[in-house]
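Participant: coordinates only, sequence not included:
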């Protein structure tokens with residue numbers, strides 16, 4: 001996959017491309033995202049050095065929650081909203097960013113067909 005801008009539209013474009021993959025391919029992406037969210041984000045989105053540094057310095061719990069949330073979004077084709085709202089000029093001038101992760105996921109299985117549908121929204125936002 002090519003690199004996308006790290007903007008809401010860039011995240012949507014990346015997810016649209018991944019939604020076109022087969023279930024097996026999306027499963028591989030989801031497993032990789034869950035295990036390596038920092039690498040996945042870095043490999044797939046155009047980011048500044050400051051943004052890259054911020055990702056590398058996240059606490060382990062933040063990294064895992066981010067990875068698992070993104071994996072759910074990619075595997076279940078649930079919309080993902082991910083963005084950094086910090087103006088670039090102030091990024092290095094302030095201390096730690098606040099990271100918000102929200103996940104609203106619902107799965108429904110049809111007992112007659114056995115098919116499962118996943119709905120909801122994954123939101124990840126970095127801000128001061």
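Facilitator: Structure received. Because the structure is predicted, anything quoted here is derived from the model rather than measured.

Participant: Can you pull out the low-pLDDT segments for this protein?
Facilitator: Applying pLDDT under 70 to the chain flags residues 1, 86-98, 127-128.

Participant: Scan it for its longest helix.
Facilitator: Secondary structure of the chain per DSSP state H: the longest helix is helix 60-76.

Participant: If you count neighbours, what's buried in that one?
Facilitator: 62-63, 65-76 (16 or more other Cβ atoms under 10 Å). The way it works is simple: take the backbone N, C-alpha and C, and place the C-beta from them, glycine included.

Participant: Show me the helices in the protein, by range?
Facilitator: According to DSSP H, the helices that the chain contains are 8-19, 23-35, 37-44, 49-56, 60-76.

Participant: Among these, which comes closest to residue 85?
Facilitator: helix 8-19 (10.1 Å; Cβ to Cβ).

Participant: just how off-centre is that closest one within its chain?
Facilitator: 10 Å (Cα atoms, centre = their mean, to the nearest Å).

Participant: Ok, stretch 15-22 next?
Facilitator: Distance, centroid of stretch 15-22 to centroid of chain: 14 Å (Cα atoms, centre = their mean).

Participant: Stretch 29-43: end-to-end distance?
Facilitator: End-to-end distance for stretch 29-43: 12 Å, by Cα to Cα, to the nearest Å.

Participant: ugh, typo on my part, it should be stretch 9-27
Facilitator: 23 Å.

Participant: cool, stretch 47-64 as well?
Facilitator: 20 Å.

Participant: how close does the residue lying farthest from the centre of the chain get to residue 119?
Facilitator: The C-alpha centroid of the chain is most remote from residue 112, which lies 32.7 Å away (Cα atoms, centre = their mean). Remark: distance between residue 112 and residue 119 (Cβ to Cβ, to the nearest Å) = 19 Å.

Participant: Residue 73 now?
Facilitator: 11 Å.

Participant: can you tell me which residue is nearest the centre of this structure?
Facilitator: Closest-to-mean residue, the chain, Cα atoms, centre = their mean: residue 70 / 4.0 Å.

Participant: OK, contacts around the closest residue to it other than its chain neighbours?
Facilitator: Excluding the flanking residues, the one nearest residue 70 by Cβ to Cβ, 6 or more residues apart in numbering is residue 33, at 4.6 Å. Neighbour list for residue 33: 40, 67, 70-71, 74 [criterion: Cβ atoms under 8 Å, 6 or more residues apart in numbering].
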